[in-house]
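Colleague: Generate a structure from the sequence data that follows.
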Amino acid sequence: MKATPAFWFVLPGDPASRTGGYLYDARIRAGLADLGLPSTLVRLPATFPRPTAEDETAAAEALSAIPDGARVVVDGLAFAYPPALLAALAARCRLLALVHHALPLETGLPPETAEHLRRHEATALAAARRVVVTAPPTARSLVQLYGLAAGRIAAVLPGTEPATAAPLAAVRPHRLLTVATVTPRKGHRLLVEALAPLRDRPWHLTCVGSLGRDPACLASVQEVIGRLHLQDRVDLLDEVEQDQLDAIYRDADLFVLPSFLEGYGMAIAEALARGLPVITTDRAAIVETLTSPGLIAVPAGDRERLTTALERLLDGAEAYAAAKAGARECRRALPSWAESAKAFAEELAAL
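Modeller: You can find the predicted model right below:
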């Protein structure tokens, strides 16, 4: 007999997508089911940031199937839809908004698109009874952008899968790894440009993540790789299955993710769980929750500082050894998915 759902979960797009936000949603839903809180998934069309008229009609039909009085978690990507859809749902259901990062802060959006998303997100958040974010900096951004009362917002950090620590064999890092969808926010182009002055070192960069989300961004990254003659030094791989990704992590010496904005940084946590040192930016929220020589943060967008950080570990055996030891120590501080699901369950109970 099928269990009665404890709540409904509204998500635009493919729930099997291997990006941080979708993985967070999937693990939280699974963890809540383990706690006796099964959910029904309501899928909306994936068009973002401006759904078509056909998408809006389909979304309205999907949302109308949710019964009155239900507890409903709405992933923040749905806030690209017209506010009237969410307002109608909020009028008859108890809404919890799940925000990975504020939509108008996405890197590379035209000003008119950012303003469009700001208006929609503001209205959707005003209709929600509770708001869950994946890290405290996102909570602060919602207070600043929309004037939300801090007491309505709770941070539920992502959990981390247990993983075997990478071997200590490497004296200096040669095999660099980035795991991120190729979009402007993730900083792939900046990373390639930062590595170019270090071409005399024996590094090789592997980038793993969807190549189809932003064709213009992919073309830009490929252009800079070609222009700097780094075709033999940089590999761009599309999404891979988890066992293949695990193998890529095992082969890596250093993880690099120079994001312009990172709601938490689940890929960073996955790297630290494997004892890999990380170079990222001060816009990755995980930096606020973990302090360690294994987690190095540079100012977002600062190419020279990124080059300096890379150079320090590529050239310095002692600096790399300290970062490696720090990363292995970080593993103990990472929350589990069971802990995250329990915290999320408390927010559902508040509805």
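Colleague: Bridge partners for residue 74, pull those for me.
Modeller: residue 10, residue 97 (DSSP bridges).
Colleague: Tell me who's in contact with it.
Modeller: Taking Cβ atoms under 8 Å, 6 or more residues apart in numbering, we find residue 74 in contact with 10, 86, 89, 95-98, 124, 128. Where you see a C-beta, it was placed from the backbone N, CA and C, and this is true even at glycine.
Colleague: Weed out the non-buried ones from these.
Modeller: 10, 86, 89, 95-98, 124, 128 (16 or more other Cβ atoms under 10 Å).
Colleague: and which of those residues is nearest to residue 225?
Modeller: residue 98 (35.4 Å; Cβ to Cβ).
Colleague: Per-residue pLDDT of that closest one, please?
Modeller: With respect to pLDDT, residue 98 scores 97.
Colleague: how close does it sit to residue 180?
Modeller: 20 Å (Cβ to Cβ, to the nearest Å).
Colleague: next one: residue 219
Modeller: Residue 219 is 17 Å from residue 180, by Cβ to Cβ.
Colleague: Could you chop this structure up by domain?
Modeller: 7-159+335-349, 175-333 (automatic domain parsing).
Colleague: With distance to residue 165 as added columns, please give those domains in TSV.
Modeller: What follows is these, written out as TSV (distance: least, Cβ to Cβ, whole Å):
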stretch	distance to residue 165
domain 7-159+335-349	16
domain 175-333	4
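Colleague: Could you pull out the strands in the stretch 151-300 of the chain for me?
Modeller: For the stretch 151-300 of the chain, the strands defined by DSSP state E, counting those that start in this stretch occupy 153-155, 175-179, 204-208, 234-237, 254-256, 278-281, 295-298.
Colleague: For residue 196, find the nearest of these.
Modeller: Comparing the strands of the stretch 151-300 of the chain by Cβ to Cβ, strand 234-237 comes nearest, at 10.2 Å.
Colleague: what's that closest one packed up against?
Modeller: In this structure, strand 234-237 packs against strand 204-208, helix 215-227, with contacts taken as 3 or more Cβ pairs under 8 Å, 6 or more residues apart in numbering; DSSP states H and E.
Colleague: quick one, phi psi at residue 240?
Modeller: phi -130, psi 160 (degrees, to the nearest 10).
Colleague: Test my guess that it contacts residue 247.
Modeller: No - Residue 240 lies out of contact with residue 247 (Cβ atoms under 8 Å); the separation is 9.0 Å.
Colleague: Mind checking which of those two has more residues around it?
Modeller: residue 240 (15 against 12; other Cβ atoms under 10 Å).
Colleague: contacting residues for the nearest residue to the more buried one once chain neighbours are set aside?
Modeller: Nearest residue to residue 240, sequence neighbours excluded (Cβ to Cβ, 6 or more residues apart in numbering): residue 208, at 6.1 Å. Shown in contact with residue 208 (Cβ under 8 Å, 6+ apart): 177-179, 237-240, 245, 248.
Colleague: Adding pLDDT and distance to residue 199, write the residues you listed out as a markdown table.
Modeller: A markdown table is the format used below for the contacts of residue 208 (pLDDT from 0 to 100; distance: Cβ to Cβ, whole Å):
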| residue | pLDDT | distance to residue 199 |
| --- | --- | --- |
| 177 | 98 | 18 |
| 178 | 98 | 17 |
| 179 | 97 | 23 |
| 237 | 98 | 21 |
| 238 | 96 | 25 |
| 239 | 93 | 28 |
| 240 | 93 | 27 |
| 245 | 94 | 27 |
| 248 | 95 | 23 |
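Colleague: Noted, bye for now.
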